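S.K.: Predicted model and sequence below, questions to follow.
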Amino acid sequence: MPPPPVDRVPPAIRGLGKVHHVALIVASIEDALRLWRDVLGLDLETIMDIPTDHVRIAFLAVGESKVELVEPTDETTGVARFLASKGEGFHHVCFEVANLAETLLRLEIDGLELIDSAPRRGAEGPVAFIHPRSCHGVLVELIEAPGGPSWTSLGF
């Protein structure tokens, strides 16, 4: 009997690293900050517009992870449709990986449905998404750890 696939995968791409962030869709970042920053005491790291994704985001630090607030800036996008149909709340979880391109290849070989088959620019580094159909209904984002191979190729 052949060994389970995980035993044949190099340790660098076998597992996930820390939870980088949990993303929440909000109607207004300013309104959401009243809870997350002002009441719960999370430190606001940054607020930025991501024109390519038609969103405005805020990152708040909590331990070695973050909470990302995502506000749509264009009513025709998937994020805006999500907000309209489901309301504010949980959107995705993001895990850090050492080598994003290799991890995506392994996941594709293992049969997961990828939204991004190659790393792309994200707000804080190279990212890619795994379709919720492959993750029990959860949208999963992967981000490459700082200094990984995709950082240079994507111009970070």
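M.R.: In hand now; what should we look at?

S.K.: now the strands for the protein?
M.R.: 19-25, 43-50, 55-62, 65-72, 89-97, 120-122, 125-130, 139-144 (DSSP state E).

S.K.: Can you list the buried residues in the third one?
M.R.: Right, the one you point to is strand 55-62. Burial within strand 55-62, assessed by neighbour count using 16 or more other C-beta atoms under 10 Å, is assigned to 55-60. Every residue, glycine included, has its C-beta placed from N, CA and C.

S.K.: same deal with stretch 110-128?
M.R.: So stretch 110-128, judged by 16+ other C-beta under 10 Å, has buried residues 114, 116, 119, 122-128.

S.K.: Distance-wise, check the residue nearest to Leu83 when sequence neighbours are not counted relative to Gly155.
M.R.: Closest residue in space to Leu83, ignoring its immediate chain neighbours: Ile25 at 5.2 Å, by C-beta to C-beta, 6 or more residues apart in numbering. Distance, Ile25 to Gly155, by C-beta to C-beta, to the nearest Å: 28 Å.

S.K.: So between those two, which is more surrounded?
M.R.: Counted by other C-beta atoms under 10 Å, Ile25 and Gly155 do not tie: Ile25 has more neighbours, with 22 against 6.

S.K.: and the more buried one, bridged to which residues?
M.R.: Val70, Gly89 (DSSP bridges).

S.K.: got it, and Ile130?
M.R.: Bridge pairing for Ile130 (DSSP bridges) gives the partners Leu114, Val140.
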